[in-house]
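Peer 1: I would like to see how this sequence folds:
(2 chains)
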Amino acid sequence: MKQANFVKSHKHYIFLISVIMFFTGCEAIAADHRMQFVKEDETGKKITVNLRKELVYDLMLFNGKSFQVTFCPEAIDTIYMIAGSSNVFQYRKTNVYFWPITKEYMADWEPNVPDKSNYILEVLKGGQCYRKILPQKYVFEYSDGFQTEKCRLYTDAKAQEIYDRYFKKTEAYSRTVIAYYQAMTEYKFKMEKYMKQPGSYNYIPPNEPLAPGPLLESVTEPKEGFILNLAPGKYRIRFIDQNGVVVKYSERMLVAFPMISEGVGYQIIPEDKWTHATTSDDTTGNVFILPGQTIYLKPFRSIKFNKHHYLKLSKLQSPVSGRGMENMNLWVQVGEIPAQNLSLEISNNKNNLIKVEEKPFYVQQRADSVLGYDILDYDPDRFPDESSTFSAYKIRINQPGGNYRIGLVDGQGRVIKGSIRTVQPMTKFSLLTLVLLATLPLGCGFLVVGLRLAATRHHMKE
Amino acid sequence: MKGTAITRVETVFILARRGIIVSLYKFGIYLTAFISCLTAVLLVSCYQGAIRENGLLVLNNPLNFPLQIVITINAVYLAATAAMSISKERDTGMLEVLFYGPVETGSYITAKYVEQMFKYVILLGFYGLVFILSGKLTNFNFSSELFLIGLLSLGFVSSVISLGILISAVTSKTRSSFFIFLILALVFSGVQLLEFLTANTDINTFSPVFASSITILNTIARLIRIVSPFSSFGWGMEAIRDSDFIKYFNSLATLPIIYLAVCLFLSKTILDQKGIKAN
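Peer 2: Next comes the predicted model:
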């Protein structure tokens, strides 16, 4: 009886304590999936992070020029990719933590335990199943090496063919390298003998074997992944198992965004600041220079994307990437335009035309105590052991004022779309002239008010 | 009915003409024009300095930004003038005198709007000459984009003036009208400017508190865009940049006309309810 009265009189407190214990219990259960880990930042400062085992999307997304490696943890609900391009999706179960220094999620890819689950990637549009994608074999081919961004994706049988071809190349290259080392050993032995007894070689030193050039081409090992190529739009993606059951925490929104426009961008290098190049992304990016200024133009193929979507693609693991940029666009340079059959046409107001060809240039540091460098026409005979620093179209306009139109033209004289720019050399003008122009309304004001005052006084006198 | 309509139109033009002549005899409009031109000239000289410093500059047109600043200064000036005008005339009792005549609320408010817009058209014509001359002197050409911006500014200034008239109709005192308009203008333009500035910076470089503030700022900016006349100008500039004719037309005409209609209707209604007698 006493206990019943106690409960009745303290029922509110008992309810509150029960609720607190319930959520504490939930938290304890949730905490089982989280581990605390201590990581060091670049300065050696120790930071405690919460590791959580999650199913993440391991992504290799095409960014216009190569493939961007990123991943999508559970906390990020939308993936962005370029429409009409092939992208690689994989799933991994790994530890994920939020790194507060760079404000992004990081994945603890080690240890890499391969997942044996056979999932299917389901793509939904408007609530309906749009496509079901099975894993495919894929490789990435870097024709100029890993360091460059030039990369191509191959899938299925073609992937295996490319990889087999690359494997044979590496084997042949290995044999060449082994042969070179053997030749080198023989050469060293002969050289030692020549140094001791030059007469035995008729006083002709043995020839040093030529080292084989580096094998630039590289192909990744064939792996399995889900290749996604979608038209522009919003989709939902998720993994389903063989029984059609949706894999928990695998559902994400997917935005396939299109390219807005394509054009020609220029990297503009001023002669006196060649390390500080500027870019002119589209036809509105006109160039204003000093008279007599020499500039070098390198044309690039450029593509315009929505800035928010593109930044999300590039850095999906950062929740704040692209924030506030939904209405902005971004030009991305996707590759150099080769100079074959192209020339840069320059015309002025009087339609006088000059054609400039692309040339290689060499940047030579000045050897004396005077700091600086010179940009010279590259000549292999003049610089036998050096390669050119860059290739570009050289422009120099000596006259101040005027309007010059530049554009890339092909062998038939057709202007390359998006390559037109205006180059305007500045005129010398005095700031005082402009300030005097600005004071015109002030002068008018004084005149009008003065006349009005004079008229009023005259009227009052009358 | 037709006679009444003609009388109203005549009343509007008489009142507007009176207001314009009074403004032209005062120093304020000339001082505003001088400040605007001086600001534009200083900005142009900054661009010249940048070209000298870096050897080159890549821009659409160095005259675009100075023109936008000039337009904003004049929009704020004209709207502030409009914001003070009705409450001032009510304070001095002039409104009561006017309304004893053939002036009714709708004509009066329309006349205020027409007066400010006409002043702006005169100023815009003058700035056009200044910019053409500046363009010739500096070789920063007066391009077709400047013309589009000038045209777009008519819609923007119309919206700002109608907001000023609404504030003037709501408040009783001249000083209150001025300060309320100034605060609103600062809040609207300030929030948009901050949003633009922070959108172009890497949020990862900010502290968590600052980053959260930016999130709140973005939310406030989205709400303010609905009522701010400055936002349609921003959209119009984006439309010019992206060569989006439909967006440009909406920023130039559709949105300002809706804004104008709502503001003038509210002004008339409030003025009818509050009355025209001085407090």
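
Peer 1: and the helix or strand bottoming out on mean pLDDT in chain B, what does it pack against?
Peer 2: The weakest-scoring helix or strand in chain B, judged by mean pLDDT, DSSP states H and E, is helix B:94-100 (a mean of 73). Using 3 or more CB pairs under 8 Å, 6 or more residues apart in numbering or on different chains; DSSP states H and E as the contact test, the elements touching helix B:94-100 are helix B:64-92, helix B:105-138. Yep, even glycine has a C-beta here, placed from its N, CA and C like the rest.

Peer 1: any idea of the mean pLDDT for the first one?
Peer 2: Just to be clear, that refers to helix B:64-92. In this model, helix B:64-92 carries a mean pLDDT of 87.

Peer 1: now do it: which elements does it pack against?
Peer 2: Applying 3+ CB pairs under 8 Å, 6+ apart, one finds that helix B:64-92 contacts helix B:28-54, helix B:94-100, helix B:105-138, helix B:144-170, helix B:174-199, helix B:230-242.

Peer 1: repeat that with 6 Å
Peer 2: Applying 3 or more CB pairs under 6 Å, 6 or more residues apart in numbering or on different chains; DSSP states H and E, one finds that helix B:64-92 contacts helix B:28-54, helix B:105-138, helix B:144-170, helix B:174-199.

Peer 1: and the second one, does that touch chain A?
Peer 2: So that's helix B:105-138. Yes - against chain A, helix B:105-138 shows contacts by CB under 6 Å from any CB of the partner chain at B:137-138.

Peer 1: next one: the third one
Peer 2: No - Helix B:144-170 stays out of contact with chain A when judged by CB under 6 Å from any CB, the minimum separation being 8.1 Å.

Peer 1: by how many degrees do that helix and helix B:230-242 diverge?
Peer 2: Angle, helix B:144-170 to helix B:230-242, by axes from the mean of the first three to the mean of the last three CA atoms, to 10 degrees: 170 degrees.

Peer 1: again, but for the last one
Peer 2: Using the same axes, to 10 degrees, the inter-axis angle of helix B:174-199 relative to helix B:230-242 is 40 degrees.

Peer 1: flag every residue of the stretch 351-462 of chain A that's near chain B.
Peer 2: Proximity of the stretch 351-462 of chain A to chain B, by CB under 6 Å from any CB, involves residues A:401, A:424, A:426-427, A:429, A:431, A:434-435, A:438, A:441-442, A:444-445, A:449, A:452.

Peer 1: one more pass at 10 Å, please.
Peer 2: Selection of the stretch 351-462 of chain A residues close to chain B by CB under 10 Å from any CB of the partner chain yields A:400-403, A:421-431, A:433-449, A:451-453, A:455-456.

Peer 1: leaving out sequence neighbours, find the closest residue to the residue in the stretch 1-150 of chain B that chain A sits nearest to.
Peer 2: Closest residue of the stretch 1-150 of chain B to chain A, CB to the nearest CB: residue B:30 (2.6 Å). Sequence neighbours aside, residue A:445 is the residue nearest to residue B:30 in space, at 2.6 Å (criterion: CB to CB, 6 or more residues apart in numbering or on different chains).

Peer 1: that neighbour should be in a helix, yeah?
Peer 2: Yes - per DSSP: H, G, I helix; E, B strand; the rest coil, residue A:445 lies within a helix segment.

Peer 1: quickly note the distance from it to residue B:21.
Peer 2: Separation of residue A:445 from residue B:21 (CB to CB, to the nearest Å) stands at 15 Å.

Peer 1: more neighbours: which of those two?
Peer 2: Comparing residue A:445 with residue B:21 by neighbour count (other CB atoms under 10 Å in any protein chain shown), the higher total belongs to residue A:445, at 21 against 10.

Peer 1: got the contact list for that one?
Peer 2: By CB atoms under 10 Å, 6 or more residues apart in numbering or on different chains, residue A:445 lies in contact with A:439, B:24, B:26-34.

Peer 1: just list whatever residues bridge to residue A:225.
Peer 2: residue A:136 (DSSP bridges).

Peer 1: what distance do you get for it to residue A:94?
Peer 2: In this view, residue A:225 and residue A:94 are 16 Å apart by CB to CB.

Peer 1: with residue B:161 instead?
Peer 2: Distance of residue B:161 to residue A:94, given as CB to CB: 60 Å.

Peer 1: of those two, which one has the most company?
Peer 2: Taking other CB under 10 Å, residue B:161 and residue A:94 do not tie; residue B:161 has more neighbours (29 against 22).

Peer 1: isn't that one up against residue B:267?
Peer 2: No - using CB atoms under 10 Å, residue B:161 makes no contact with residue B:267, being 11.1 Å away.

Peer 1: what do those two both touch?
Peer 2: Residues touching both residue B:161 and residue B:267 (CB under 10 Å, 6+ apart) are B:112-113.

Peer 1: most neighbours per residue, which of the helices and strands packed on helix B:64-92?
Peer 2: Highest mean neighbour count of the helices and strands packed on helix B:64-92: helix B:144-170, a mean of 24 (counted as mean count of other CB atoms under 10 Å in any protein chain shown).

Peer 1: the nearest residue to residue A:149 once chain neighbours are set aside: neighbouring residues, count only.
Peer 2: Take residue A:149 and drop its neighbours on the chain: the residue closest to it by CB to CB, 6+ apart is residue A:66, 3.9 Å away. Using other CB under 10 Å, residue A:66 has 19 other residues around it.

Peer 1: show the pLDDT at the residue nearest to residue B:180 when sequence neighbours are not counted.
Peer 2: Of all residues not flanking residue B:180 in the chain, residue B:167 sits nearest, at 5.4 Å (CB to CB, 6+ apart). On pLDDT, residue B:167 comes in at 89.

Peer 1: let me know the secondary structure of residue A:394.
Peer 2: Residue A:394 ends up strand, using three-state DSSP.

Peer 1: isn't it up against residue A:378?
Peer 2: No - at 11.7 Å, residue A:394 does not count as touching residue A:378 under the criterion of CB under 10 Å.

Peer 1: what touches both of the two?
Peer 2: The contact sets of residue A:394 and residue A:378 overlap at A:359, A:361 (CB under 10 Å, 6+ apart).

Peer 1: list the contacts for residue A:135?
Peer 2: A:89-91, A:118-121, A:223-227.

Peer 1: mind listing what the residue nearest the centre of chain B touches?
Peer 2: Against the mean C-alpha coordinate of chain B, by CA atoms, centre = their mean, the closest residue is residue B:75 at 2.8 Å. Residue B:75 sits next to B:116, B:120, B:153, B:156-161, B:163-164, B:185, B:189, B:229-230, B:233 when contact means CB under 10 Å, 6+ apart.

Peer 1: now for those: which two are most distant?
Peer 2: The span of these, defined through CB to CB, is set by B:116 and B:189 at 18.4 Å.

Peer 1: so which bits of stretch A:448-456 are buried?
Peer 2: Buried residues in stretch A:448-456, counted by 16 or more other CB atoms under 10 Å in any protein chain shown: residue A:448.

Peer 1: how about stretch A:176-195?
Peer 2: Residues of stretch A:176-195 classed as buried under the neighbour-count rule (16+ other CB under 10 Å) are A:187, A:194.

Peer 1: same deal with stretch A:254-268?
Peer 2: Within stretch A:254-268, the residues that count as buried by 16+ other CB under 10 Å are A:254-257, A:259, A:263-268.
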